[in-house]
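Fold the stuff below for me.
(one chain, ligands or ions: 1)
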Amino acid sequence: MPDVVVVGAGPAGLATAHTLARAGCAVRVLEAADAVGGRMRTLRADGCLIDTGAEMLPSAAGYPATWRLISAFGLDADPDAVPRVRGALAVWRGGRARPHAGRPLGLLTGAGLPPGARLDLLRFQTRLNRMRDLDPDHPERAPLGMATVADLVRRYHPDLRDYLVQPIAAGFFGWDLDHAAAGPFAAHLKASGSTGGWRTYRDGMDTLTRALAARLDVVTGYPVTRVSTTPGGVRLDSPAAPSSRARRCWPYPLPWRPRCAPTPRRTSGPSPPPAATPRCSASPWSWTGPWPPPVCGGGSPPSSRPRRTR
Ligand SMILES: Cc1cc2nc3c(=O)[nH]c(=O)nc-3n(C[C@H](O)[C@H](O)[C@H](O)COP(=O)(O)OP(=O)(O)OC[C@H]3O[C@@H](n4cnc5c(N)ncnc54)[C@H](O)[C@@H]3O)c2cc1C
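Next comes the predicted model:
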């Protein structure tokens, strides 16, 4: 029986499982689809790669955790494996693509925006640069309260919203400007910087998720339909198979940092690369987040700190 089951083999679930495995847990990942990747999945047909969702990733300043994993797995050892996107973003307007959107050159060439909107783009960028506490890892700290992305850009030229912000928010995150929170958007935009530095994966946007999955125990075609707490741990039901069991099932992102005994108990496949921040403690499990942690299945939180049992 695994110590922890992670539901979902998208980038977040696999990164969580990797962290837990590095901390010494026996982890199993259950994925409903028939392949890993989630919204970063890539289909392969007739020699073509078809990214079904995500298509680009910003530089390390924008996605520090992703780039730590990319480096840890050596995915960037080949300089062509995570290349810059030539031309980066273009704005579709008047029947053709206008390149250089979101980079300094675009302010000169226009990049599909009239002069008033370009001026407002500069004003918007200056405002973001001056804003403190814009941290993609802590978007809740952004000083934007309950503002939506639509609120954030309302004061500017409407073309900025319609031809730049809306396509970025919808294309990158699947967000609706009237409902998406401004904080995460502003934090990501500021950290991501010029689109001239944005990259993609030569071998498909699922490159990192495939690398993670290759080192983990992942079961695909396994939709979890119910998670319930049991005296011995957690039970997961699926029409795909008889119920699975685990000692713990945690939602992600983990609200605490797992620590573990120094020697991993179980690994499968090739040895994973060193964790970015291995932290060990004498006790098998402890966490730095608020107590009690949330538990799956709506059950009561455990009355004492859980111990990993064998
Ligand atoms: C159109 C589009 C374009 C995007 N473009 C970009 C981009 O260019 N750059 C970028 O960085 N990001 C982009 N994103 C965002 C990026 O894809 C997501 O942020 C990322 O995939 C989220 O990862 P996740 O693991 O949280 O969720 P997901 O990727 O959604 O993964 C969740 C996984 O859990 C599985 N699952 C869910 N419920 C169950 C269940 N009950 N049982 C078993 N399995 C389950 C799902 O099948 C899925 O595989 C884009 C998103 C979209 C939709």
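
Any residue of stretch 206-215 touching the ligand?
No. Figure legend: stretch 206-215 not in contact with the ligand (C-beta under 6 Å from any ligand atom); closest approach 8.3 Å. Where C-beta positions appear, they are placed from N, C-alpha and C, glycine not excepted.

can you tell me which residues contact whichever residue of the stretch 201-310 of the chain sits closest to the ligand?
Evaluated by C-beta to the nearest ligand atom, the stretch 201-310 of the chain has Val224 as its residue closest to the ligand, separated by 3.7 Å. Shown here is Val224, whose contacts under the criterion C-beta atoms under 8 Å, 6 or more residues apart in numbering are 7, 30, 32, 236-238.

Need the phi and psi values for the nearest residue to Ala97 once chain neighbours are set aside.
What sits nearest to Ala97 in space, not counting adjacent residues and going by C-beta to C-beta, 6 or more residues apart in numbering, is Ala90, at 3.9 Å. Geometry field for Ala90 lists phi and psi as phi -130, psi 150, criterion degrees, to the nearest 10.

and Ala90, how many neighbours?
18 (other C-beta atoms under 10 Å).

Indicate the residue of the stretch 51-200 of the chain located nearest to the ligand.
Scanning the stretch 51-200 of the chain for proximity to the ligand using C-beta to the nearest ligand atom identifies Ala54 as nearest, at 3.2 Å.

need the contact list for that residue.
Contact partners of Ala54, counting by C-beta under 8 Å, 6+ apart, are 39-40, 172, 205.

7 Å instead?
Applying C-beta atoms under 7 Å, 6 or more residues apart in numbering to Ala54 gives the contacts 39-40, 205.

go on, Leu160?
With contacts defined as C-beta under 7 Å, 6+ apart, the neighbours of Leu160 are 113, 117, 120-121, 124, 153.

tell me which parts of the stretch 201-310 of the chain are close to the ligand?
For the stretch 201-310 of the chain, the contact set with the ligand under C-beta under 6 Å from any ligand atom comprises 223-224.

Below-threshold pLDDT in the stretch 201-310 of the chain: ranges please.
Per-residue confidence for the stretch 201-310 of the chain (pLDDT under 70) gives these ranges: 242-310.

ok, which stretches of the protein are helices?
With DSSP state H as the criterion, the chain has helices at 11-22, 64-72, 104-109, 115-130, 149-153, 158-160, 166-168, 182-192, 207-214.

quick check: mean pLDDT across the third one?
Mean pLDDT, taken over the full extent of helix 104-109, equals 86.

helices and strands around that helix, which ones?
Contact analysis of helix 104-109 by 3 or more C-beta pairs under 7 Å, 6 or more residues apart in numbering; DSSP states H and E lists no helix or strand as a packing neighbour.

Show me the contact partners of it.
Contact with helix 104-109 is made by 100, 118, 122, 194, as judged by C-beta under 7 Å, 6+ apart.

Please produce a ChimeraX select command covering the buried subset of the contacts of Ala54.
Once 16 or more other C-beta atoms under 10 Å is used to decide burial, the buried members of the contacts of Ala54 can be selected in ChimeraX as follows:
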select :40,205
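
those strands in this structure, which residues are they?
Assigned strands in the chain, in chain order: 4-7, 27-30, 42-45, 48-51, 89-93, 96-101, 217-219, 226-230, 233-238, 241-246, 248-249 (criterion: DSSP state E).

Would you map out the domains in the chain?
Following the assignment in automatic domain parsing, the chain carries domains at 1-83+202-310, 87-197.

just to revisit the earlier point, my guess is the residue nearest to Ala97 contacts Arg96, does it?
No. Contact between Ala90 and Arg96 fails when scored by C-beta atoms under 7 Å: they sit 8.8 Å apart.

what are the bridge partners for Arg199, then?
Taking DSSP bridges, one finds Leu57, Arg84 as the beta-bridge partners of Arg199.

what's the neighbour count on it?
Other residues near Arg199 number 20, with proximity taken as other C-beta under 10 Å.

measure it to Pro231 for me?
Taking C-beta to C-beta, to the nearest Å as the measure, Arg199 falls 48 Å from Pro231.

Likewise for Leu113?
Counting by C-beta to C-beta, the gap from Leu113 to Pro231 is 61 Å.

same question, Cys48
As defined by C-beta to C-beta, Cys48 lies at a distance of 51 Å from Pro231.

of the two, who's got more company?
Here Cys48 and Pro231 are set side by side on neighbour count (other C-beta under 10 Å), and the busier one is Cys48, at 8 against 4.

The residue nearest to Thr42 when sequence neighbours are not counted: what's it in contact with?
Counting by C-beta to C-beta, 6+ apart, the nearest residue to Thr42 once its immediate chain neighbours are dropped is Gly204, at 3.3 Å. Contacts for Gly204 (C-beta under 7 Å, 6+ apart) come out as 42, 49, 51.
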